[in-house]
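1. fold the following.
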Amino acid sequence: MAIEQIANHSLFSIPHAEQWELTSKNSSKYRIMTWRPHVETPAEGFPVIYILDANAVFGSMVEMIRLQSRRKDKIDPAVVVGIGYNTDQPFDTNRRFFDYTVYADKDEFPVRKESFQLLTTGGADDFLTFIESELKPIIEKAFPIDKRRQTLFGHSLGGFFVLYTLFKKRSAFQYYAAGSPSIWWKNHYIMKDAKRFIKSDTQTETGLIIGVGSQEKPHMVEDAQQMYDRLSTAGIEGLTVKYHCFEEEDHVSVIPPFLNRTLRFTLGRT
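-> Numbers count the residues shown, from 1 in each chain. Below you'll find the predicted structure:
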């Protein structure tokens, strides 16, 4: 029997989740997804997690929080804000290559097939400004947010952007989750930012978790481990760094376990 023949059928949706289109001041269009826990609001407001590539991971993050926050000894409920694009595909390759990166020309890319088309890059600064100056004020007006417990989550190029944000404006978030970060971007450009970050005198309390799958390309695993080693041994005041290499997981399958580990790191009740 076709679904269309079943009486009273409707599209599936996550309870208390919403989405809308938001056009930035520079005319970029985003699909914003939000979810608020259906529980009593804490006196200090809810923690909030901002997620990149929301088309792919928003639902997974929300369902993990819905399930695990029911146990009073597990994680705190949190508002989830997904930043996605106007597509029904998991990723918008063109947009994410622009929004999540600093500019790189063709000579700064790894060797690729001749058919590879270099995408437009270099929008990271504008994207960070959009999050800080346009999106956050809307979210903070719509939801009771605890500004002391804000997380930025990203994977792959999104993981690069997470590190870029930490190194550029540490105070923007209190927790940073960089999954399989594209540290290779622009000939390991982000390592130079890390070096400057280590020498800075910013001392705000900040947590960073880096995750990678053991079956990813060797350079992805090596880069993630090297970044962790560099930051965790630098004696950076106020910075807590965690790292996990997930056995038997690749670049895509690592996302669910890393989401779960991120929740324990940012929302865990101790």
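
2. and the longest strand along the chain, what does it pack onto?
-> Under DSSP state E, the strand in the chain containing the largest number of residues is strand 145-155. In terms of contacts (3 or more C-beta pairs under 8 Å, 6 or more residues apart in numbering; DSSP states H and E), strand 145-155 is packed against strand 46-52, helix 54-68, helix 157-168, strand 175-179, helix 255-267. Backbone N, C-alpha and C define where each C-beta goes, glycine included.

3. relative to helix 54-68, how tilted is the fourth one?
-> It stands for strand 175-179. Comparing the axes of strand 175-179 and helix 54-68 via axes from the mean of the first three to the mean of the last three C-alpha atoms, to 10 degrees yields an angle of 120 degrees.

4. what does strand 175-179 rub up against?
-> If you take C-beta atoms under 8 Å, 6 or more residues apart in numbering as the criterion, strand 175-179 is touched by 149-156, 158-160, 162-163, 165-166, 206-212, 254-255, 258, 262, 265-266.

5. what of the longest one?
-> If you take C-beta under 8 Å, 6+ apart as the criterion, helix 54-68 is touched by 14, 17, 31-33, 35, 37, 49, 51, 74-75, 77-78, 80, 82-85, 87-92, 153, 155, 255-256, 259-260, 263, 267.

6. only whichever of the residues you listed are buried, select them in ChimeraX.
-> The buried residues among the contacts of helix 54-68 can be selected in ChimeraX (16 or more other C-beta atoms under 10 Å) with this line:
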select :17,31,32,33,35,37,49,51,75,77,78,80,82,83,84,85,91,92,153,155,255,259,260,263,267
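
7. would you list every one of the helices in the protein?
-> According to DSSP state H, the chain carries its helices in the segments 54-68, 93-99, 124-129, 136-142, 157-168, 185-199, 218-232, 255-267.

8. for the stretch 1-150 of the chain, which residues score under the pLDDT cut-off?
-> Along the stretch 1-150 of the chain, segments meeting pLDDT under 70 span 1-9, 110-117.

9. save the helices and strands packed on strand 145-155 as CSV, and put in distance to Glu21 too.
-> Listed next are these as CSV, based on distance: least, C-beta to C-beta, whole Å:
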stretch, distance to Glu21
strand 46-52, 17
helix 54-68, 13
helix 157-168, 20
strand 175-179, 26
helix 255-267, 25
